[in-house]
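S.K.: Requesting a structural model of the entry that follows:
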Amino acid sequence: MKISSGVSKFHSKKTTIDGIIFDSGKEAERYVFLKILQSQGEISALEIKPRFEVWIRGKWMFTYTADFRYKKNGQIIVEDVKGEDK
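M.R.: Next up, the predicted model:
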């Protein structure tokens with residue numbers, strides 16, 4: 001499958017906010033909302049594109065990259081934004 005630059009196979013447009021390139025407008029909107037929540041103290045430790053190594057029985061299998069990771073009420077939340085831009 002060939003994908004033209006700037007548009008994903010899901011027809012989402014890359015969007016830049018604060019110098020960060022997001023895979024979709026929806027992901028960029030979520031980032032803005034999470035920044036607001038962080039500024040209000042609702043969440044903390046917001047990270048963009050955190051990476052996780054996946055190991056099975058001591059063998060490295062792959063690296064998973066989520067969209068966001070943050071803390072809320074003492075819990076670590078990992079999010080992926082799904083869906084098409086509208």
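S.K.: any low-confidence regions in this protein?
M.R.: 1-11, 83-86 (pLDDT under 70).
S.K.: Look up how far D18 lies from the closest residue to K72 other than its chain neighbours.
M.R.: Closest residue to K72 apart from its sequence neighbours, by Cβ to Cβ, 6 or more residues apart in numbering: I43 at 4.8 Å. The C-beta positions use only the backbone N, C-alpha and C, and glycine is treated the same way. Noted for I43: a distance of 17 Å to D18, by Cβ to Cβ, to the nearest Å.
S.K.: And those two? Which one has more around it.
M.R.: I43 (18 against 10; other Cβ atoms under 10 Å).
S.K.: residues in contact with the more buried one?
M.R.: Neighbouring residues of I43 by Cβ atoms under 8 Å, 6 or more residues apart in numbering: 34, 37, 70-72, 77.
S.K.: go again using 7 Å as the cut-off
M.R.: By Cβ atoms under 7 Å, 6 or more residues apart in numbering, the residues touching I43 are 34, 37, 70-72.
S.K.: do Q40 as well
M.R.: Per Cβ under 7 Å, 6+ apart, neighbours of Q40: none.
S.K.: all helices of this protein, in order?
M.R.: 25-39 (DSSP state H).
S.K.: show me what contacts the residue positioned nearest the centre of it?
M.R.: Centroid-nearest residue in the chain: D67, 1.3 Å away (criterion: Cα atoms, centre = their mean). By Cβ under 7 Å, 6+ apart, the contact set of D67 is 27, 49, 79-81.
S.K.: again, but for I48
M.R.: Counting by Cβ under 7 Å, 6+ apart, I48 has contacts 20, 31, 68.
S.K.: Tell me the one of the residues you listed nearest G58?
M.R.: F68 (29.0 Å; Cβ to Cβ).
S.K.: how near is the closest one to T16?
M.R.: 16 Å.
S.K.: Check R57 too.
M.R.: 40 Å.
S.K.: Buried ones among the contacts of I48?
M.R.: 31, 68 (16 or more other Cβ atoms under 10 Å).
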